[in-house]
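Chemist: just need the structure, nothing else, for what follows:
(2 chains)
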Amino acid sequence: MGLVLDKVRRDVGAVTHIHETSLRLEPGSLTVLLGATLAGKTSLMRLMAGLDRPSSGRVLVTDGAAETDVTGMPVRERSVAMVYQQFINYPNLSVFENIASPLRVKGLPATEIETRVRAMAAIMKLEPYLERLPLSLSGGQQQRTAMARALIKGADLVLLDEPLANLDYKLREELREELPKIVRGSNAAVVYATTEPQEALLLGDCTATLSKGRITQHGRSAEVYRRPRDLITAQIFSDPPLNLLPVSRRAGQLLLPGGAAAPAAGALAGLADGDYQLGFRAHHLTLRPQSAESLSFAATVTVSEITGSESFIHLACGADDWVALAAGVHELEPGAQVTVHVDPASVFVFAPDGALAHAPSFLAAA
Amino acid sequence: MSAETMTQAVPAAAATTASRRGFGVSGGGITLSLYLIFLMLPIYWLVIMSLKTNAEITSGMTLWPQQITFDNYRTIFTDASWYNGYISSLSYVAINTVLSIGLALPAAYAFSRYRFLGDKHLFFWLLSNRMAPPAIFALPFFNLYSAIGLFDTPWAVALAHCLFNVPLAVWILEGFMSGVPREIDETAYLDGYSFPRFFARIFMPIIANGIGVTAFFCFMFSWVELLLARTLTTVNAKPIAATMTRTVSAAGMDWGLLAAAGVLTLVPGVLVIWFVRNHIAKGFALGRV
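Modeler: Numbers count the residues shown, from 1 in each chain, chains lettered A, B, ... in the order given. The predicted model follows:
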C-alpha cells in the first residue's frame, strides 16, 4: 500500500519543523530521504508513521485507487514499522521474543511464529543469538534484531531512520546490499533516511532531498542527482561538498573572482548575461585538463586524503574551498601550489536565487 | 640525571610502596574490624539478651547467655497481644507499599513522558511533602479518621504513610523511567501493543530494579515510622513498636521479652534487604535516587 502526505505541516511551539509538504510514496518502492542532520528527516518520518500529528494537512493510505485518511489514527491501528538510528530493542526480552513481538501481539499460533522468526533470523544472520538478550550483542546484531522485528510483520509502511549510521563499515556494506532485496519482495512503501548521497544512489528507486524542513526535490535518484532543481538540492546530493565558483557573464566573457576572464565557451555559450554560481562535483575538478575548453585555476593544497585508489585533494582557490578528486595516490604537501581544471561541459550553473540555470548533458553530469 | 641513577631509584621507590601497602592492608583490616565490632555490638547485645532469663540480665554482665532460653520468643508467638502487633505492622506496611507504588507508577510515567503546564513545579512540590515532619499531620489525620471510621485500622496508617511515600516513590520511579528511551514506547505501539499491555509486559519489567528500590524505601519508611502509626491506632491495629513501649510497665521491666520483640522487629527489614539486594545494587547504579 502507498502513502500520501497531503499539505502536511508540523509546528512545535513557534518553530516550524516541517513546512507544508506533499509527497506520494508508491507501494513496493524504496524512497530515500536525503538530507543533512536536523534537515527534518526524522520529523517527517514521525508524521508518516503517525507518531506525531501534523499541525495541518492529511496523511492518507492508498490501496489501489482507494484512499483512507489516517491522520490522527493511533499507530497501533496502522500498519507501520520503524527502525531508529539508536538500537532500540526490548532489553528484557530475548532476541527471539523481540523479533516475535509484533506477531505475538497479533495472536498468531506459536508454530507459525516459530517458523517466521527463524526464517527472518536466517536472513538477518541472527540464528546463533536468538536466546540471548539484545544488550549482550554487538551494535550490528542489535540493529539487525530491530530490523528483523520491523520487517517480520509485513507492514504496509516501513520507515528506516538512518538504520546503518551507527554500524561499522563492513556491516553497513553487507546490510546495504541485503536491505533492498528484503524489502523489494513486499508490497510495502519503504522509506530510508540517510545523510549520505551514496546510499541514495545505491538503494533508492526514488530520492527526496530535504533541507530545513522542506522537500527540495523528489524524483528518481539518478534524475535528482543529475538534474538537481536548485543549488540546495545539488549540495545535499554531493559528497564531498559541491565546489562553488561565483562568476558573471558579460559579452561572451566569464568574469572570474580575482579579475581573470575566460571565454564563455562550450556548454556555457548559451547563457544570458548576468551573475551565476558554477557548481561542480569533486570528480569533475581534476589535476589534468579534460578538454581544450577546460577552465584552469591556481590553487593551494590544504589537505590531501588518500584512500588508495583515489585521492581527495582539499584546495583553497581564492576565497573558495574546493575538493578535487584524483585517481591514484597523490602525495601533495599542504601549501603546495597546483593547477586544477574543470570542463565547462560538466558544470551546473545556478542563478543567484539558487535555481538551476543550466545542467550539463545527462552523461556529462554522471 | 643519568639513566643509571634512575634505574637505581626505581627499586627503592617500589620497596617503599610495597612496605606502605603492607602496612595499609593490616591497618585497614584493623580499622574495618573495629568498625564492624562497633556496628554489630548493639545487635549482638540485643540477641543475647533475648536468649537470657530476666534474672541473668539483671544480675550482672555476661558476654553470652549462661543458660539459653527460648521462653521470651515462645511468649511472643503464643500471646495474641504480642503477635498481633507484628501482624498489624506488616499489614499496614504491605498495604502502604502496594498503594504507593500503584499510585506512583502512572504519576511517574506522566512526569517522565509528557510535558504539561506546571509539570516541573508539581514535581518539586511533591518532594517538598517529604520536608514536613509527620507530627504536624498527626492531629488532622486523627480527627479525620475518627470522623469517617478509619481510626484504629491498618488502612489508617497505610493511607497516612502514603502522604510521604507516594512523593518519594514518584521521584525515584521517574528517574528510572526517564532512563528508558521513549523510542521503546513507540516501538511497542508500532508493534501493536495497547498502552496497558505495553506497560505491564514491556515497561514494568524494564524498570523492575527501580520498582525494587522504591519498594525498599517505602517499606523502610513505613516500618520505622512510629509517631503516626501510634497516634492513629489504639488496640486492634496497634503496631509492634507501640506494643513494646506499652507493655513495659505491666509487671516491671521484662527485659528478655522486650529484647526478643526487638530481634523479631529487625527480621522483616533483614529479609527485605536480602531479597532486594541485587535490585538495589543495580538500581543505584542505573537510575538516580
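
Chemist: quick check: B:A138 touching B:R230?
Modeler: No - counting by CB atoms under 8 Å, B:A138 stays clear of B:R230, with 9.0 Å between them. For the C-beta atoms, the positions are set from N, CA and C on the backbone; glycine is no exception.

Chemist: quick check: domain ranges of chain B?
Modeler: For chain B, the structural domains run B:3-50, B:78-286, going by automatic domain parsing.

Chemist: out of those, deepest packed?
Modeler: Sort those by mean neighbour count, taking mean count of other CB atoms under 10 Å in any protein chain shown, and domain B:78-286 sits at the top with a mean of 18.

Chemist: what lines up beside the helix or strand hosting A:V158 in the sheet?
Modeler: Per DSSP states H and E, A:V158 falls inside strand A:157-161. Here strand A:157-161 is paired, per DSSP bridges, with strand A:80-83 (parallel), strand A:189-194 (parallel).

Chemist: helices or strands next to the longest helix that chain A contains in the packing?
Modeler: What stands out as the longest helix in chain A, according to DSSP state H, is helix A:169-184. For helix A:169-184, the elements it packs on are strand A:30-34, helix A:139-152, helix A:197-203, judged by 3 or more CB pairs under 8 Å, 6 or more residues apart in numbering or on different chains; DSSP states H and E.

Chemist: between those, which gets nearest to B:R201?
Modeler: The closest of the helices and strands packed on helix A:169-184 to B:R201 is helix A:139-152. By CB to CB, the value is 14.8 Å.

Chemist: ok, now which ones touch B:L39?
Modeler: Residues in contact with B:L39 (CB atoms under 8 Å, 6 or more residues apart in numbering or on different chains): none are found.

Chemist: show me what stretch B:125-136 is in contact with.
Modeler: Against stretch B:125-136 from outside (CB under 8 Å, 6+ apart): B:L163, B:F164, B:V166, B:P167, B:L168, B:V170, B:W171, B:E225, B:L227, B:L228.

Chemist: restricted to helices, list those.
Modeler: B:L163, B:F164, B:V166, B:P167, B:L168, B:V170, B:W171, B:L227, B:L228.

Chemist: list phi and psi for the residue nearest to the fourth one when sequence neighbours are not counted.
Modeler: In space, and not counting its chain neighbours, B:P167 is closest to B:L126: 4.1 Å by CB to CB, 6 or more residues apart in numbering or on different chains. Dihedral pair for B:L126: phi -50, psi -50, per degrees, to the nearest 10.

Chemist: B:L126 and chain A, how far apart?
Modeler: The span separating B:L126 from chain A equals 26 Å under the rule CB to the nearest CB, to the nearest Å.

Chemist: near chain A, which residues of chain B show up?
Modeler: Proximity of chain B to chain A (CB under 8 Å from any CB of the partner chain) is limited to residues B:181, B:183-184, B:186-194, B:197, B:202, B:205-206, B:208.

Chemist: and if we set it to 6 Å?
Modeler: B:E183, B:E186, B:T187, B:Y189, B:L190, B:D191, B:G192, B:Y193, B:I202, B:P205, B:I206 (CB under 6 Å from any CB of the partner chain).

Chemist: where does pLDDT dip in the stretch 151-300 of chain A?
Modeler: Applying pLDDT under 70 to the stretch 151-300 of chain A flags the ranges A:266-267.
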